[in-house]
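Asker: Show me how the following folds:
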Amino acid sequence: MFVDNSGRRARLLRRLGLLLGAVCVGYAAVLGLAFLGIGTSLNPSSLLPFGGGQDGGGPAPGGGTGPQGGALPTGAPPTGAPPSGAPTAPGPTAS
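Answerer: Have a look, this model is predicted:
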């Protein structure tokens, strides 16, 4: 069995343990600051869905969020019109 009489192995392991402990303490500090909201570039109102109650960020007709300007993307059909080539339902007939 090998015995280290000089203490170099114990010193090396102690230094590695201190380094690992310092990394863990630093990571815990970063997590704590993030939990408190320090260091985030977002303001609380930007975390709310649908634009935080501001104009232009409401839900789109098909679900999800609409564009900020309220305009439909180019090439999209208007909301009430069926797409071209789609079969239309027959209207009521007079008898």
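Asker: Under the pLDDT cut-off, which ranges of this protein? List them.
Answerer: Applying pLDDT under 70 to the chain flags residues 1, 40-42, 44, 51-95.
Asker: Same question for stretch 8-18: list its buried residues.
Answerer: By neighbour count on 16 or more other C-beta atoms under 10 Å, the buried set for stretch 8-18 is empty. Yep, even glycine has a C-beta here, placed from its N, CA and C like the rest.
Asker: which residues are contacting it?
Answerer: With C-beta atoms under 8 Å, 6 or more residues apart in numbering as the test, stretch 8-18 has contacts from residue 4.
Asker: Using PDB, write out the CA atom coordinates for that stretch.
Answerer: Taking C-alpha atoms only, stretch 8-18 is exported to PDB below (Å, rounded to 0.1, in the frame of the first residue of the first chain):
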ATOM      1  CA  ARG A   8       1.600  16.500  -1.400                       C
ATOM      2  CA  ARG A   9      -1.500  14.400  -2.300                       C
ATOM      3  CA  ALA A  10      -3.500  15.800   0.600                       C
ATOM      4  CA  ARG A  11      -2.500  19.400  -0.300                       C
ATOM      5  CA  LEU A  12      -3.500  18.800  -3.900                       C
ATOM      6  CA  LEU A  13      -6.900  17.300  -2.900                       C
ATOM      7  CA  ARG A  14      -7.500  20.100  -0.400                       C
ATOM      8  CA  ARG A  15      -6.800  22.700  -3.100                       C
ATOM      9  CA  LEU A  16      -9.100  20.900  -5.600                       C
ATOM     10  CA  GLY A  17     -11.800  20.800  -2.900                       C
ATOM     11  CA  LEU A  18     -11.500  24.500  -2.200                       C
END
